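Engineer: here is a sequence with its predicted model. Questions after.
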Amino acid sequence: MWMLIPLAGFALGLAVGRWWILAAAMPFWAYIVYMDELEGSLTLVVASMLSGLLACAIGSGVALRRLHARRLRA
C-alpha cells in the first residue's frame, strides 16, 4: 500500500504539471500525524519522511512534464 503513494504522487504531478500541486503533500502529513500511534517524536519523523517522499515524487512528475513540453516546443 505504501509503495503506491509515491507512484500516485508521480502520476498526479505528471497529470497536473504545476508546481503548486506540491502542496498536496501537506494533508497527507497531517493525516499521518493524527492517525499514527508511534511513540514520541517518531510520528513526526515518519510523517515528514513520507510527505517529503510524496512531494519529491510529485515534483518529479511536474518536472518531467515540463521538460517534455519544452522539448516539444523546440
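Structural biologist: Looks like it came in fine. The shown structure was predicted, so the numbers you read here are calculated from the model rather than taken from an experiment.

Engineer: output the below-cut-off pLDDT ranges for this protein.
Structural biologist: Counting by pLDDT under 70, the chain has low-confidence residues at 1.

Engineer: which residues touch residue 56?
Structural biologist: residue 6 (C-beta atoms under 8 Å, 6 or more residues apart in numbering). Where C-beta positions appear, they are placed from N, C-alpha and C, glycine not excepted.

Engineer: assign a three-state SS to it, would you?
Structural biologist: helix (DSSP: H, G, I helix; E, B strand; the rest coil).

Engineer: again, but for the one 3 residues further on
Structural biologist: Residue 59 carries the three-state label helix when classified by three-state DSSP.

Engineer: how many neighbours does it have?
Structural biologist: A total of 17 residues lie near residue 59 under the criterion other C-beta atoms under 10 Å.

Engineer: shouldn't it be in contact with residue 22?
Structural biologist: Yes: contact criterion C-beta atoms under 8 Å: residue 59 and residue 22 qualify, at 6.0 Å.
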